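>>> need a structure here:
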Amino acid sequence: MVEKGKNVIITGFSFTGKSVVGKEVARRLGWNFIDSDQEVVALARKPIPDIFARDGEEHFRKLERQVLEKACAGKGAVIATGGGAVVDQRNRELFARSGAVICLEARPQTIYNRLLSSQQDNGTVVRPLLAAADPLERITQLKASRQPYYATADWSVYTDILSLNEVVDEVVRGMGQASAPNGNAPFVVTTPTGSYPVFVGWGLLDDIGRRMLQLGLSDRASIISDENVFHHYGHRACTALEQAGFDVESFLVPTGETTKTIDTAVKLYDWLVERRTERVHAIVALGGGMVGDLAGFAAATFLRGLPLVQVPTSLIAMADAAIGGKVAVNHPRAKNLIGAFYQPRLVTADVSTLTTLSERELVSGWAEVIKHGLILDAEFVQFLEVHATELKALEAAPTTEAIRRSAMLKATVVSQDEKEQGRRMVLNYGHTIAHGLEAATEYERFLHGEAVAIGMTGAAMLSERLGLIPAEIVTRQKQLIERFGLPTSCSGVNQNRVLQAMALDKKVRGREIKWVLLEGIGRTTFRNDVSAEDVASVLEELLTD
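Coordinates of the predicted model:
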């Protein structure tokens, strides 16, 4: 049960019963009840339709924010929110700090029927949702656009066939199940082609079925995983999905980057065809970056698109690869040449799954986390420097915070530039050399993070050569990378093969590489005037152990 010093916030679409349910929950608990819409009306001294018509939605949202801040500042209240309040990230963060968030759900048809009934009861007052040419379609579309935000709730109650008392029972039960607020509230990635919630926390794997239901996914789930990850977590994932009512099947692939090929994708297509997979059936990518890329590529291309759920189990996938919708398979001559931009419907990162990673895989993952700090957030770099010992030991609190902050940095960039036309290219810091190293060694010698660590070292050296940063920053970056056990150089790699692979890199424009270089900790620039001589000289240093 949520302690009296906290609140219960009830979210959900219009006509899911937030006000009537909230009032009854408050009565049972002996708590205060606050209806945010009623408070807005009292504050504005006019009905909500008049606020929208005369003052605009922006003014309404400002009043709503004011009301919610006041309500959440108190204790021991049941707060019924407006249907669109959760879209504002500041509101979601406010709710997460204030107490348990319970979402009331209903199918669009149920909402439409309740809306019609309410219209009949109110006579001539025309509900805004009924003013649309096709009200049911309007409800369906608007609800779908908000669903990623509703899905960030701690608990959801499906009200379609429940009585008031049954819904209240479920809300009270959800209050007992909801986790105490811990500062790690989910966040939402919003791009032009889709929005989706991202959950980062300890022990979240058992929630994936429930989270998928919250997003409107149901029926069948096809788990794509590698043999090693499925050995550790396949049973838990299947159980979580089956308990949520999904019919679950699994497709396993060998572990390792060499699996991520078009040939493997074709085998996956064949498996999906044999099982008569339909467009409403979800693909669940359970594994590291390789699995996420492969499963995501299949989801993006089979039947022109299946719902994709990313359940990353490696550090590099949690902090980076699962966020942003880049999916691909490798070509023999270069990495990730065959792919797409395809956003998932949900990302759930259970930090506890990192405990079964090999030491090398875990160390590799810190490269992308460090990269996000170096290119975007100097304060985060300081956090990594201060907490390096605890992070290497996988202490729950700092590790969860580091992964969440890293993922949020990635999400910020992705939201600004979904398809890597400009801002998103900043994420390629260190990757030009890294992809060259991987391709030159046929993806068999380096883990991705190891290659990125060496690539970042080279990028910093180039930055210094161009007079962008002093030597002290190169040294500081090198020390941080090495403190996490990552390499900053290597031996036994053919320099010409690296250069040839770099020439095929996706960042090449007009046969010139567009380099991402540092101007300082947390600041970057793009340059395409890096001389071949400087590149060759830096590679010579990197490839001499």
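>>> lowest average confidence, helix or strand, in this protein?
Taking mean pLDDT, DSSP states H and E as the measure, strand 508-509 is the helix or strand of the chain with the lowest mean score, a mean of 55.
>>> now the helix or strand following that strand: mean pLDDT?
Using DSSP states H and E, the helix or strand that follows strand 508-509 in sequence is strand 512-513. Taken as a whole, strand 512-513 has a mean pLDDT of 80.
>>> who does the following helix or strand past strand 512-513 pair up with?
Per DSSP H and E, the first helix or strand lying C-terminal to strand 512-513 is strand 515-520. Strand 515-520 has its sheet partners listed here by DSSP bridges as strand 523-527 (antiparallel).
>>> following the chain past the strand it pairs with, name the next helix or strand.
Criterion used, DSSP H and E; the element after strand 523-527 is helix 532-542.
>>> how about residues contacting that next one?
Residues outside helix 532-542 that contact it (CB atoms under 8 Å, 6 or more residues apart in numbering): 433, 454, 457-458, 461-462, 465-466, 488-490, 495, 498-499. To be clear about C-beta, it is placed using only N, CA and C from the backbone, and glycine gets the same treatment.
>>> by neighbour count, which of those wins?
residue 433 (29 neighbours; other CB atoms under 10 Å).
>>> list the contacts for that one?
So residue 433 contacts 451, 454-455, 458-459, 498, 502, 539, 542 (CB under 8 Å, 6+ apart).
>>> can you check residue 37 too?
19, 48, 80, 82.
>>> what does residue 437 give?
Taking CB under 8 Å, 6+ apart as the criterion, residue 437 is in contact with 446, 451, 454-455, 490, 493, 498, 501.
>>> Serialize the contacts of helix 532-542 to CSV and add fields for pLDDT.
Below are the contacts of helix 532-542 laid out as CSV (pLDDT from 0 to 100):
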residue, pLDDT
433, 94
454, 96
457, 97
458, 96
461, 96
462, 96
465, 95
466, 95
488, 95
489, 93
490, 92
495, 91
498, 92
499, 90
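>>> now, the most widely separated pair of those residues?
Using CB to CB, the contacts of helix 532-542 span at most 23.4 Å, a distance reached by 466 and 490.
>>> need the contacts of helix 532-542 in TSV (columns: distance to residue 408 and secondary structure).
Converted to TSV, the contacts of helix 532-542 look like this (distance: CB to CB, whole Å; DSSP: H, G, I helix; E, B strand; the rest coil):
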residue	distance to residue 408	secondary structure
433	26	helix
454	26	helix
457	25	helix
458	27	helix
461	29	helix
462	28	helix
465	32	helix
466	30	coil
488	27	coil
489	31	coil
490	31	coil
495	37	helix
498	33	helix
499	35	helix
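>>> what about the residue nearest to the spatial centre of the chain, distance to residue 117?
The residue lying closest to the centre of the chain (CA atoms, centre = their mean) is residue 198, at 3.4 Å. For residue 198, the distance to residue 117 (CB to CB, to the nearest Å) stands at 37 Å.
>>> what do you get for residue 318?
Residue 318 is 45 Å from residue 117, by CB to CB.
>>> what of residue 153?
Taken as CB to CB, the span from residue 153 to residue 117 is 26 Å.
>>> which one's more surrounded, those two?
Shown here are residue 153 and residue 117; by other CB under 10 Å, residue 153 has more neighbours (28 against 11).
>>> next up, phi/psi of that one, please.
phi -70, psi 160 (degrees, to the nearest 10).
>>> contact partners for it?
Neighbours of residue 153 in contact, by CB under 8 Å, 6+ apart: 11, 101-103, 214.
>>> please apply the same query to residue 484.
363, 366-367, 370, 388, 391-392.
>>> try it again at 7 Å.
Residues counted as contacts of residue 484 (CB atoms under 7 Å, 6 or more residues apart in numbering) are 363, 366, 370, 388, 392.
>>> chain neighbours aside, what residue packs nearest to the first one?
Leaving out its chain neighbours, the residue that sits closest to residue 363 by CB to CB, 6 or more residues apart in numbering is residue 485, at 4.4 Å.
>>> that neighbour in helix, strand or coil?
Secondary structure for residue 485, judged by DSSP: H, G, I helix; E, B strand; the rest coil, is coil.
>>> that one: neighbouring residues, count only.
For residue 485, using other CB under 10 Å, the count is 16.
>>> for it, phi and psi?
Dihedral angles for residue 485 - degrees, to the nearest 10 - are phi 80, psi 20.
>>> would you confirm that it contacts residue 362?
No - Residue 485 is beyond contact range of residue 362, at 8.9 Å (criterion: CB atoms under 7 Å).
>>> which regions of the stretch 1-150 of the chain sit below the pLDDT cut-off?
1-5, 120-130 (pLDDT under 70).
>>> how about a cut-off of 80?
The stretch 1-150 of the chain contains residues with pLDDT under 80 at 1-5, 119-132.
>>> what segments of it are strands?
Here the stretch 1-150 of the chain has its strands, by DSSP state E, counting those that start in this stretch, at 7-12, 32-35, 77-80, 99-105.
>>> mind putting those into CSV with mean neighbour count and distance to residue 532?
Output for the strands of the stretch 1-150 of the chain, formatted as CSV (neighbours: other CB atoms under 10 Å; distance: least, CB to CB, whole Å):
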stretch, mean neighbour count, distance to residue 532
strand 7-12, 28, 57
strand 32-35, 20, 66
strand 77-80, 27, 62
strand 99-105, 26, 55
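>>> adding distance to residue 526, write the ones you listed out as JSON lines.
Output for the strands of the stretch 1-150 of the chain, formatted as JSON lines (distance: least, CB to CB, whole Å):
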{"stretch": "strand 7-12", "distance to residue 526": "41"}
{"stretch": "strand 32-35", "distance to residue 526": "50"}
{"stretch": "strand 77-80", "distance to residue 526": "46"}
{"stretch": "strand 99-105", "distance to residue 526": "40"}
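>>> between those, which one is closest to residue 472.
strand 99-105 (45.5 Å).
>>> for the protein, longest helix please?
Using DSSP state H, we find that the single longest helix of the chain is helix 396-416.
>>> and that helix, which residues are buried?
398-415 (16 or more other CB atoms under 10 Å).
>>> kindly report the same for stretch 336-348.
336-339, 341-348.
>>> and stretch 274-289, average pLDDT?
Taken as a whole, stretch 274-289 has a mean pLDDT of 95.
>>> so what are the domain limits for the chain?
7-177, 187-357, 406-542 (automatic domain parsing).
>>> so which of those gets nearest residue 380?
Closest among the domains of the chain, using CB to CB: domain 406-542, at 7.1 Å.
>>> endpoint to endpoint, the closest one covers what distance?
Domain 406-542 has an end-to-end distance of 27 Å (CA to CA, to the nearest Å).
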